[in-house]
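Q: Here's my sequence, what's the structure:
(one chain, ligands or ions: 1)
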Amino acid sequence: MIENRNYHVEAIILKRRNYGEADRILTVYSRERGKMVVLAKGARKQTSRKSGHLELFSVVKIQLAKGRTWDIVVQAETLLYFPLLRQSLPRISHAYYLAELMDGFGAENNSDVRLYNLAKETLGRLNGDDNLLRVSRFFEIRLLYLTGFQPQLYLCRACQAPINEGISNYWSAEAGGVLCPDCGAHTANAVTLSAPQLKLMRYLDRHSYRMCQRLEVNNALWRSIEPLMQQYIVSILEHRLRSIEFLQRLRQQAAREEKPRQLPT
Ligand SMILES: [Zn+2]
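A: This is a model prediction of the structure:
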(Lines give C-alpha, C1' and ligand atoms only; values in the text may rest on other atoms or scores of the structure.)
Protein backbone atom coordinates (compact mmCIF):
# COMPACT_ATOMS: atom_id res chain seq x y z
CA MET A 1 0.00 0.00 0.00
CA ILE A 2 1.30 3.45 -0.91
CA GLU A 3 0.93 5.96 1.86
CA ASN A 4 -0.20 9.42 0.79
CA ARG A 5 2.23 11.65 2.61
CA ASN A 6 0.69 14.96 1.56
CA TYR A 7 -1.27 16.96 4.08
CA HIS A 8 -3.08 20.32 4.35
CA VAL A 9 -2.71 23.16 6.82
CA GLU A 10 -4.26 26.59 7.20
CA ALA A 11 -1.48 29.04 7.98
CA ILE A 12 -0.37 32.65 8.29
CA ILE A 13 2.79 33.56 6.40
CA LEU A 14 5.15 35.23 8.87
CA LYS A 15 8.46 35.37 7.01
CA ARG A 16 9.89 34.68 3.59
CA ARG A 17 13.45 34.38 2.43
CA ASN A 18 14.94 33.56 -0.92
CA TYR A 19 16.61 30.23 -1.30
CA GLY A 20 18.67 28.99 -4.23
CA GLU A 21 17.79 30.20 -7.72
CA ALA A 22 14.03 30.41 -7.56
CA ASP A 23 12.86 28.97 -4.26
CA ARG A 24 11.62 30.50 -1.06
CA ILE A 25 11.73 29.37 2.50
CA LEU A 26 8.65 30.38 4.45
CA THR A 27 8.09 30.58 8.17
CA VAL A 28 4.39 30.11 8.82
CA TYR A 29 2.17 29.68 11.84
CA SER A 30 -0.35 26.97 11.13
CA ARG A 31 -3.61 26.15 12.81
CA GLU A 32 -2.84 22.44 12.83
CA ARG A 33 0.89 22.23 13.71
CA GLY A 34 1.98 25.56 15.16
CA LYS A 35 5.09 27.17 13.73
CA MET A 36 6.55 25.54 10.61
CA VAL A 37 9.36 26.23 8.17
CA VAL A 38 8.46 25.07 4.65
CA LEU A 39 10.01 25.22 1.19
CA ALA A 40 8.17 26.77 -1.78
CA LYS A 41 9.97 25.52 -4.88
CA GLY A 42 10.02 27.86 -7.85
CA ALA A 43 8.02 30.43 -5.91
CA ARG A 44 10.02 33.34 -7.36
CA LYS A 45 9.40 32.39 -10.98
CA GLN A 46 6.94 34.69 -12.77
CA THR A 47 5.08 31.69 -14.07
CA SER A 48 4.74 29.99 -10.72
CA ARG A 49 1.14 29.33 -9.87
CA LYS A 50 2.11 29.19 -6.23
CA SER A 51 3.80 32.60 -5.98
CA GLY A 52 0.62 34.66 -6.01
CA HIS A 53 -0.67 32.74 -3.05
CA LEU A 54 2.28 33.06 -0.73
CA GLU A 55 2.26 36.74 0.20
CA LEU A 56 3.49 37.85 3.61
CA PHE A 57 0.79 38.15 6.29
CA SER A 58 -1.87 36.40 4.23
CA VAL A 59 -3.86 33.45 5.49
CA VAL A 60 -3.42 30.54 3.14
CA LYS A 61 -4.47 26.95 2.77
CA ILE A 62 -1.44 24.96 1.71
CA GLN A 63 -0.92 21.40 0.69
CA LEU A 64 2.45 20.05 1.76
CA ALA A 65 4.54 17.03 0.91
CA LYS A 66 6.98 15.51 3.35
CA GLY A 67 10.52 16.66 2.61
CA ARG A 68 13.90 15.82 4.09
CA THR A 69 14.77 19.11 5.75
CA TRP A 70 11.60 21.09 5.12
CA ASP A 71 8.20 19.99 3.95
CA ILE A 72 7.43 21.23 0.44
CA VAL A 73 4.51 23.37 -0.70
CA VAL A 74 2.57 21.50 -3.38
CA GLN A 75 -0.39 23.85 -3.70
CA ALA A 76 -1.50 27.09 -2.09
CA GLU A 77 -4.73 29.01 -1.95
CA THR A 78 -5.22 32.45 -0.36
CA LEU A 79 -8.05 32.59 2.16
CA LEU A 80 -7.48 36.14 3.50
CA TYR A 81 -5.31 38.76 1.83
CA PHE A 82 -5.84 41.96 3.94
CA PRO A 83 -5.52 44.47 1.07
CA LEU A 84 -5.74 47.68 3.16
CA LEU A 85 -2.92 46.51 5.41
CA ARG A 86 -0.60 46.40 2.39
CA GLN A 87 -1.28 49.99 1.36
CA SER A 88 -0.11 51.61 4.58
CA LEU A 89 3.40 51.66 5.98
CA PRO A 90 2.27 51.99 9.62
CA ARG A 91 -0.08 49.01 9.20
CA ILE A 92 2.67 46.97 7.54
CA SER A 93 5.12 47.78 10.34
CA HIS A 94 2.60 46.56 12.95
CA ALA A 95 2.14 43.38 10.89
CA TYR A 96 5.92 42.81 10.87
CA TYR A 97 5.88 43.21 14.63
CA LEU A 98 3.10 40.60 14.90
CA ALA A 99 5.11 38.25 12.70
CA GLU A 100 8.23 38.71 14.88
CA LEU A 101 6.28 37.89 18.02
CA MET A 102 4.56 34.86 16.48
CA ASP A 103 7.96 33.62 15.34
CA GLY A 104 9.54 34.31 18.74
CA PHE A 105 6.79 32.86 20.93
CA GLY A 106 5.25 30.24 18.63
CA ALA A 107 6.49 26.69 19.05
CA GLU A 108 7.11 24.15 16.29
CA ASN A 109 5.03 20.96 16.33
CA ASN A 110 2.78 22.49 18.93
CA SER A 111 -0.60 23.55 17.65
CA ASP A 112 -2.31 26.33 19.57
CA VAL A 113 -5.58 27.22 17.88
CA ARG A 114 -6.23 30.14 20.25
CA LEU A 115 -2.87 31.68 19.35
CA TYR A 116 -3.53 31.07 15.66
CA ASN A 117 -6.95 32.72 15.89
CA LEU A 118 -5.52 35.65 17.83
CA ALA A 119 -2.95 36.32 15.10
CA LYS A 120 -5.58 35.98 12.36
CA GLU A 121 -8.01 38.32 14.12
CA THR A 122 -5.20 40.80 14.80
CA LEU A 123 -4.24 40.91 11.11
CA GLY A 124 -7.90 41.62 10.34
CA ARG A 125 -7.79 44.53 12.82
CA LEU A 126 -4.52 45.82 11.37
CA ASN A 127 -6.32 45.82 8.03
CA GLY A 128 -9.31 47.84 9.19
CA ASP A 129 -9.00 49.36 12.64
CA ASP A 130 -7.91 53.00 13.04
CA ASN A 131 -6.13 52.65 16.36
CA LEU A 132 -3.10 50.48 15.57
CA LEU A 133 -1.58 51.06 19.02
CA ARG A 134 -4.64 49.51 20.61
CA VAL A 135 -4.54 46.58 18.18
CA SER A 136 -0.90 45.78 18.97
CA ARG A 137 -1.16 46.27 22.74
CA PHE A 138 -4.20 43.98 22.89
CA PHE A 139 -2.34 41.42 20.76
CA GLU A 140 0.71 41.52 23.06
CA ILE A 141 -1.20 41.01 26.26
CA ARG A 142 -3.24 38.09 24.84
CA LEU A 143 -0.18 36.47 23.27
CA LEU A 144 1.68 36.68 26.58
CA TYR A 145 -1.28 35.15 28.39
CA LEU A 146 -1.69 32.31 25.86
CA THR A 147 2.00 31.43 25.94
CA GLY A 148 2.21 31.57 29.75
CA PHE A 149 4.31 34.72 29.98
CA GLN A 150 1.72 37.22 31.20
CA PRO A 151 3.21 40.11 33.15
CA GLN A 152 2.18 40.48 36.76
CA LEU A 153 -0.24 43.43 37.02
CA TYR A 154 -1.93 42.84 40.36
CA LEU A 155 0.67 41.88 43.00
CA CYS A 156 4.13 43.34 43.58
CA ARG A 157 6.66 41.03 41.87
CA ALA A 158 9.03 41.47 44.83
CA CYS A 159 6.95 41.48 48.06
CA GLN A 160 3.66 40.04 46.69
CA ALA A 161 1.61 42.88 48.22
CA PRO A 162 -1.55 43.84 46.28
CA ILE A 163 -0.84 46.81 44.05
CA ASN A 164 -2.84 49.99 44.59
CA GLU A 165 -3.81 51.15 41.10
CA GLY A 166 -4.76 54.62 42.32
CA ILE A 167 -1.13 55.67 42.81
CA SER A 168 2.14 55.55 40.87
CA ASN A 169 4.00 52.25 41.05
CA TYR A 170 7.01 50.85 39.20
CA TRP A 171 7.47 48.61 36.17
CA SER A 172 10.34 46.22 35.78
CA ALA A 173 10.76 44.13 32.64
CA GLU A 174 13.41 41.99 34.36
CA ALA A 175 11.26 41.40 37.47
CA GLY A 176 8.28 40.44 35.29
CA GLY A 177 5.78 43.22 35.84
CA VAL A 178 4.67 45.72 38.42
CA LEU A 179 6.50 46.60 41.64
CA CYS A 180 5.05 48.48 44.63
CA PRO A 181 6.50 51.95 45.41
CA ASP A 182 8.72 50.58 48.21
CA CYS A 183 10.23 47.69 46.21
CA GLY A 184 10.41 49.65 42.95
CA ALA A 185 12.44 52.46 44.51
CA HIS A 186 15.19 49.93 45.33
CA THR A 187 15.17 48.01 42.06
CA ALA A 188 17.68 48.79 39.35
CA ASN A 189 16.12 49.52 35.92
CA ALA A 190 12.60 49.84 37.37
CA VAL A 191 10.69 52.71 35.77
CA THR A 192 7.69 54.67 37.02
CA LEU A 193 4.31 53.21 36.12
CA SER A 194 1.58 55.83 36.41
CA ALA A 195 -1.92 55.05 37.66
CA PRO A 196 -3.49 55.56 34.17
CA GLN A 197 -0.84 53.30 32.56
CA LEU A 198 -1.53 50.48 35.01
CA LYS A 199 -5.31 50.91 34.66
CA LEU A 200 -5.02 50.66 30.88
CA MET A 201 -2.88 47.52 31.06
CA ARG A 202 -5.33 45.92 33.50
CA TYR A 203 -8.26 46.85 31.28
CA LEU A 204 -6.60 45.22 28.26
CA ASP A 205 -5.89 42.16 30.37
CA ARG A 206 -9.47 41.74 31.57
CA HIS A 207 -11.66 42.79 28.65
CA SER A 208 -12.56 41.63 25.16
CA TYR A 209 -11.32 43.56 22.15
CA ARG A 210 -14.84 44.85 21.58
CA MET A 211 -14.84 46.37 25.08
CA CYS A 212 -11.37 47.83 24.54
CA GLN A 213 -12.63 49.54 21.38
CA ARG A 214 -15.14 51.49 23.47
CA LEU A 215 -12.48 52.72 25.84
CA GLU A 216 -11.74 56.42 25.57
CA VAL A 217 -8.00 56.73 25.90
CA ASN A 218 -5.82 59.39 24.32
CA ASN A 219 -3.02 58.46 21.96
CA ALA A 220 -0.31 59.70 24.33
CA LEU A 221 -1.36 57.12 26.91
CA TRP A 222 -1.52 54.33 24.32
CA ARG A 223 1.94 55.34 23.14
CA SER A 224 3.32 55.53 26.69
CA ILE A 225 2.70 51.85 27.46
CA GLU A 226 4.35 50.69 24.24
CA PRO A 227 7.98 50.82 25.51
CA LEU A 228 6.94 49.20 28.81
CA MET A 229 5.38 46.23 27.04
CA GLN A 230 8.19 45.97 24.53
CA GLN A 231 10.94 45.99 27.19
CA TYR A 232 9.07 43.19 28.93
CA ILE A 233 8.70 41.17 25.70
CA VAL A 234 12.35 41.63 24.73
CA SER A 235 13.49 40.44 28.15
CA ILE A 236 11.40 37.26 27.80
CA LEU A 237 12.57 36.58 24.25
CA GLU A 238 16.21 37.08 25.26
CA HIS A 239 15.71 34.71 28.15
CA ARG A 240 14.03 32.17 25.84
CA LEU A 241 16.83 32.43 23.30
CA ARG A 242 19.41 32.00 26.04
CA SER A 243 17.65 28.91 27.37
CA ILE A 244 17.48 27.42 23.86
CA GLU A 245 21.22 28.10 23.40
CA PHE A 246 21.87 26.61 26.82
CA LEU A 247 19.99 23.42 25.90
CA GLN A 248 21.89 23.18 22.61
CA ARG A 249 25.22 23.57 24.44
CA LEU A 250 24.21 20.83 26.88
CA ARG A 251 23.30 18.52 24.00
CA GLN A 252 26.57 19.23 22.20
CA GLN A 253 28.47 18.59 25.41
CA ALA A 254 26.59 15.34 25.97
CA ALA A 255 27.36 14.29 22.38
CA ARG A 256 31.07 15.06 22.87
CA GLU A 257 31.20 13.09 26.07
CA GLU A 258 29.52 10.12 24.46
CA LYS A 259 31.90 9.94 21.53
CA PRO A 260 34.94 8.39 23.24
CA ARG A 261 32.78 5.50 24.41
CA GLN A 262 31.68 4.85 20.85
CA LEU A 263 35.26 4.70 19.55
CA PRO A 264 36.57 1.19 18.92
CA THR A 265 39.02 0.12 21.60
ZN1 LIG B 1 6.71 45.30 46.87
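Q: For Arg16, list the residues it contacts.
A: By Cβ atoms under 8 Å, 6 or more residues apart in numbering, the residues touching Arg16 are Arg24, Ile25, Leu26, Thr27, Leu54, Leu56. All C-beta spots, glycine's among them, are computed from the backbone N, C-alpha and C.
Q: And those, which of them are buried?
A: The neighbour-count test (16 or more other Cβ atoms under 10 Å) marks Arg24, Ile25, Leu26, Thr27, Leu54, Leu56 as buried among these.
Q: Of those, which belong to strands?
A: Arg24, Ile25, Leu26, Thr27 (DSSP state E).
Q: Below-threshold pLDDT in the stretch 101-250 of the chain: ranges please.
A: Residues of the stretch 101-250 of the chain that meet the criterion pLDDT under 70 lie in 244.
Q: quick revisit: wait, which of the ones in strands among the buried ones among the contacts of Arg16 is closest to the ion?
A: Thr27 (40.2 Å; Cβ to the ion).
Q: thinking again about what came up before, filter the ones in strands among the buried ones among the contacts of Arg16 down to the ones near the ion?
A: With Cβ under 5 Å from the ion as the criterion, those include none near the ion.
Q: Report the separation between Arg86 and the ion.
A: 46 Å (Cβ to the ion, to the nearest Å).
Q: nearest residue to that residue other than its sequence neighbours?
A: Ile92 (6.8 Å; Cβ to Cβ, 6 or more residues apart in numbering).
Q: quick one: what helix or strand has that neighbour in it?
A: Per DSSP states H and E, Ile92 falls inside helix 89-105.
Q: mind checking how far that helix is from the chain centre?
A: 8 Å (Cα atoms, centre = their mean, to the nearest Å).
Q: how about the residues of the stretch 51-200 of the chain that lie near the ion?
A: Close to the ion, as judged by Cβ under 5 Å from the ion, the stretch 51-200 of the chain has residues Cys156, Ala158, Cys159, Cys180, Cys183.
Q: what's the farthest-apart pair in these?
A: Spatially, the most separated pair among these is Ala158 and Cys180, at 7.4 Å (Cβ to Cβ).
Q: thinking again about what came up before, please convert the ones in strands among the buried ones among the contacts of Arg16 to a markdown table, extending it with distance to Arg251.
A: As requested, those are arranged in a markdown table below (distance: Cβ to Cβ, whole Å):
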| residue | distance to Arg251 |
| --- | --- |
| Arg24 | 30 |
| Ile25 | 24 |
| Leu26 | 27 |
| Thr27 | 23 |
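Q: Check pLDDT for the buried ones among the contacts of Arg16 and point me to the minimum.
A: Ranked by pLDDT, those bottom out at Leu54 (90).
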